[in-house]
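**Student:** Predicted structure and sequence below. I'll ask about it afterward.
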Amino acid sequence: MRIPLSALFGLFITSVYFFCAIFASWVAPYGMAETVGEVWEPSRLGFLLGTAPEGTVDAQYWLGTDQIGRDLLTRMIYGGQTTILIATAATILSFTTGSVLGFFAAVSGGWIDQALSRFVDLVMSIPSLILALVILSAIDVTVVTLIVLMGLLDSTRVFRLARAVALDISVMEFVEAARLRGEKIAWVIFREILPNALSPLVAEMGLRFIFMVLFISTLSFLGIGVQPPLADWGGIVKENKDGINFGIGAALYPAAAIATLAISVNLVADWVLNRTTSLKGGRG
Amino acid sequence: MSTPLLSVRGLKIGATVYPPDAKPHDIEIVHGVDFDVEAGKVLGLIGESGAGKSTIGLATMAYGRGGVKLTGGTVLVNGRDVLQSDRRDVSNLRGGEVTYVSQSAAASFNPAKRIMEQVIEAAVLQNKFSKADAVARAVELFRKLDLPEPETIGERFPHQVSGGQLQRCMTALALCPEPDLVVFDEPTTALDVTTQIDVLKAIKEAIHDTGVSALYITHDLAVVAQVSDHIMVLRQGKMVEYGTTDQIINAPVEDYTKALVSVRSINHNEKTSSGEPLLQVQNITARYRGTKFDVLKGIDVDLHAGQTLAVVGESGSGKSTLARVITGLLPAREGIVKFNGRELSPELANRSQDDLRELQMIYQMADTAMNPRQTVGTIIGRPLEFYFGLKGAEKQNRIKELLNEIEMGDGFIDRYPAELSGGQKQRICIARALAAKPKLIICDEVTSALDPLVADGILKLLLDLQKIEDVAYLFITHDIATVRAIADSIAVMYQGEVARYGGKTKVLSPPFDDYTDLLLSSVPEMKLGWLEDVISNRKMNSGGN
Amino acid sequence: MHPILKLVAQRLSLGIFLLFAASALLFGLTEILPGDAAQAQLGQSATPENLANLREEMGLNRPAITRYAEWIYGILTGDMGNALSNKLPIGEQIGKRLGATMFLAFWAALISVPFAILLGLIAVRYLNRFPDKAISGSTLAAISLPEFMIAYILIFVFAVKLGWAPSFANVPPDMPLLEKLHSISLPIAVLTMVVLAHMMRMTRAAILNVMQSAYIETAELKGLSSFEVIRKHAFPNAVAPIVNVVMINLAYLVVGVVVVEAVFAYPGMGQYLVDAVVKRDVPVVLTSGIIFSAVYIILNMIADIVSILSNPKLRHPK
């Protein structure tokens, strides 16, 4: 199996991020809440690249320090752990719920399908950010509630996709052939439909993951996502945004992190999607 | 000898392929073809799918569809090499000297514009006629092509006229600018059999009246024999044979041509029936859920063990619906289906496993009838596991036996459907049906999507298997030639009812009811002058009008 | 009645039904989730008696249906009650802020829509070649970042380092137009970038879909020049899908506004909503939420209706 360069690059970067997220406490140089230096010390990275403020003679910390003197690299790593953990959990929840219900609706047809679809339509008629804001104004905000909220909200989109894919596949004659044989519905779903639905769904999973990362960061930035003392990338921007006015770019590191992660996952998702269209023996 | 209108020498056409795990590379799909078309003559281009006929037809307009490139040779139209012409000359050529009639008029018309506007577009653009003259000419062409309401049909939108009518509108579109050459690309293939004849006649007369030259592309030799003066047989981008129509049809030289000419001449002696029928369809009436009219009305047919009942009809006749009722996918409103002497439950879910096993089905499109993620071994093996509980070595051996029966080797066990040809895929579907040791197999248009020679192979295989396994076939088709070849009894269906039913010989001998007469007479025969005979003898109008 | 009018009427009534259903859903959510307005106002230290009294006073003990009906009636007549946090009338605030938000959204739309169509056309014209890949690649960057991060990057570069535009946006009514535009130049830039990225991909897909139709080939084979093919055959069929795409993306714009206003402290509906969420001011949250949803639902409905009206098969039935 030959993997194109872009997908390899994507896979590599994504793995690095997930590795740091899982083993954060071993990878991070300092403690999560440890104050190590002055406020907004310049970064070693900037020093090496020549972008540090004039007169800087030494920079001890790779990404500098944040608004109360904590090492930014540490904060970024722990922030990554939180962000990636929440996004992954929410994606898994959204995916399992959406796919199972979507397949079920497609295969059952009739009033079950109608009821589910109409309900999903209703939920989707309200923009997810608005719905999330309304709900978050009324409940306690914890990591668990965030995961459940994001997962369920997004499962509506996955429902639509899974249902459409399942319907496309179920009208193919090989599904009918299985039914005529007398196969039970479980066989039809898991052995006939699912293997063919897997690829578009997995590729979509990558995109949903990126969306989750963006979404949780936005919520945290607005102050209604991850609550302190836990850090996540959106929260880091919120904490450091005042530095922007002084020309301090601390708040921009999360942007770079999210952008690279998002692009990497996109590249992998593209590769998965391309691989699978070819298996159908594509004659173009 | 005057200069031919169209003169092609050494035409080479290439394309880029993008295989999934390798770099894209170029291949040649037409390998140096030569032919001429004289003024006022028709050349038929015949070949199976993939032979390159459409590609060559489009090349005469210096056009390559979908990234295909015209890589070599010369194409002289009225003495000019169009492959070397600049953009402006090519623009003038297209729609002016050479025009095109595509296979699917429905897709080729702009849905947002009225028909007349599109029919006169080329004529006006190429400055052949003023707008008013072009309209007058178009109306005249509509009349010649036997279209209803020729004065006003141009006001309609494409979706407001039927398929056969639209195909004729497209012919008018191609003839309106008074071109020198018209390229007809399978113009009747997508139409119903009875409509085909009308359109074919209209085209032939139009060609004759206007004196235009034509390139007629098709895969049906019988059709091309009705309209062309010369025929060129193509195979995989190379010319196999070239000659007058008379010579090709009556005295073919090459083996491939001979095979094409003798297609569907399988002979099968009708079997007589005795005893209780295997399948009894009694007074079946059915409709689709949520609709208000019956798609099947009072159907009564029988099928005896080891025999073939051919159910013939055009689209909308209800033949496929009958299959769905018999298999239990669509419960009937009235009537019963008896199988093996027992009444079958109308719903699939209530049938016993034996009932399900003994009644199998093979589909028209083998591509979608097999799960692309399963290997041939899994596809054939599943019925063995499911019905007989076979496992391991026992199962593998039986799979090999079945592969043998369908004339394919053991090496196919680990292949995926996408790697097989059309004929091979259909054979695997047959093996899958046989694996269940059925008493009855419903064949739903199983050869309709295949090339004529491949289809012949499948029919011969089915007949052989019938003898070996003593299995009955309910053979659904729209093709009379196939019916003649393999049926023991025939049911002709028309608009949800059985128009004619009985043993093969009886059904195919006169006197006929009107519909059967229309149907039988619409099957082109490989005989010169057949078209004219048919039209003069017709008693009933086809649905496509 | 012409069948197409029937379809349009159906879609309209569906839209109205959705509006009510969405409002009921939002209202219902705030009802069934733990915690209520009285709790939020008094905080953790409230005694049970205080809570009971406040609930009675606020009318929270009446049945939900009554309170829902009152709320809806209030919105439709303009009397939306008072905010929990500062007792200011909600209707008045919304009146001021809605105009500000619409101003922002309008200019963002005005810039991004023509750009998106133009870029989509260019991408299709040079399909799979450099311009196409370059355009797709740059939009990939824009959709890989949340809006607020794009905003801060732009602020960092253009406001702080270069000083070309202000980092806080405000448009008091007496400001001249040009000055207003300068003030909101960065928010508009952010909104435009994000919406443009999504819209351009969709217009490209819509145009490509039309260009690959068989009737385009027919037009080419009639000898029309590329320009004429596009003008006479592609364009009339592309208008509807493009309008559809634009409408859908304008609906996204409505949501993007919320975040952008938070970053630039712009006194619009978005900031109002976010502040209210943080302060747990449920009446404000509900009312703002339904207004945003209404805009979203109406825009999507217009998209559907345009699709219906432009379909020749529906306009001229058999």
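**Tutor:** Structure received.
**Student:** Where does pLDDT dip in the stretch 51-200 of chain A?
**Tutor:** Within the stretch 51-200 of chain A, the ranges that satisfy pLDDT under 70 run A:51-58.
**Student:** Quick one: name the residues of it near chain B.
**Tutor:** By CB under 8 Å from any CB of the partner chain, the residues of the stretch 51-200 of chain A that approach chain B are A:172-174, A:176-177, A:179-183, A:192, A:195-196. No exception for glycine: its C-beta is placed from N, CA and C like everyone else's.
**Student:** Among these, which lie within strands?
**Tutor:** Assigned to strands by DSSP state E, none of these qualify.
**Student:** Mind checking which of the residues you listed are buried?
**Tutor:** Among those, those classed as buried by 16 or more other CB atoms under 10 Å in any protein chain shown are A:172-174, A:176-177, A:179-183, A:192, A:196.
**Student:** Now distance to C:Phe292 too, for those residues, in CSV please.
**Tutor:** Below are those laid out as CSV (distance: CB to CB, whole Å):
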residue, distance to C:Phe292
A:Met172, 41
A:Glu173, 46
A:Phe174, 45
A:Glu176, 45
A:Ala177, 49
A:Arg179, 45
A:Leu180, 50
A:Arg181, 51
A:Gly182, 51
A:Glu183, 47
A:Glu192, 42
A:Asn196, 39
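**Student:** hmm, which two among those residues are most spread apart?
**Tutor:** Using CB to CB, those span at most 20.8 Å, a distance reached by A:Gly182 and A:Asn196.
**Student:** Can you name the residue of the stretch 101-250 of chain B nearest to chain A?
**Tutor:** Nearest residue of the stretch 101-250 of chain B to chain A: B:Gln236, at 15.4 Å (CB to the nearest CB).
**Student:** Tell me how far the nearest residue to that residue once chain neighbours are set aside lies from B:Arg235.
**Tutor:** For B:Gln236, ignoring the flanking residues on the chain, the nearest one in space by CB to CB, 6 or more residues apart in numbering or on different chains is B:Ala51 at 6.2 Å. Here the criterion is CB to CB, to the nearest Å. By it, B:Ala51 lies 6 Å from B:Arg235.
**Student:** Run through the stretch 51-200 of chain C and note the low-pLDDT ranges.
**Tutor:** C:58.
**Student:** no no, the stretch 1-150 of chain B
**Tutor:** For the stretch 1-150 of chain B (pLDDT under 70), the answer is B:1-2, B:20-22.
**Student:** Going by residue numbers, what spans are strands in it?
**Tutor:** Counting by DSSP state E, counting those that start in this stretch, the segments of the stretch 1-150 of chain B that form strands are B:6-17, B:25-37, B:42-46, B:69-77, B:80-81, B:98-101.
**Student:** and the fifth one, does that touch chain C?
**Tutor:** No: Strand B:80-81 does not reach chain C (CB under 8 Å from any CB); its nearest approach is 14.9 Å.
**Student:** That strand pairs with which strands, parallel or anti?
**Tutor:** Using DSSP bridges, strand B:80-81 pairs in its sheet with strand B:69-77 (antiparallel).
**Student:** Contacts made by the partner strand with the rest, please.
**Tutor:** Strand B:69-77 has contacts (CB atoms under 8 Å, 6 or more residues apart in numbering or on different chains) with B:5-15, B:28, B:32-33, B:59-60, B:62, B:64, B:81-84, B:93, B:97-98, B:180-181.
**Student:** hey, C-alpha coordinates of it in CSV?
**Tutor:** C-alpha atoms of strand B:69-77 as CSV (Å, rounded to 0.1, in the frame of the first residue of the first chain):
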residue,chain,number,x,y,z
LYS,B,69,-6.7,13.3,-27.0
LEU,B,70,-6.5,13.0,-30.7
THR,B,71,-2.9,12.0,-31.0
GLY,B,72,-2.3,11.1,-34.7
GLY,B,73,-3.5,10.7,-38.2
THR,B,74,-5.6,13.0,-40.5
VAL,B,75,-9.3,13.7,-40.6
LEU,B,76,-10.2,15.4,-43.8
VAL,B,77,-13.6,17.0,-44.0
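**Student:** Check which residues of it are buried.
**Tutor:** In strand B:69-77, counting by 16+ other CB under 10 Å, buried: B:70-73, B:75-77.
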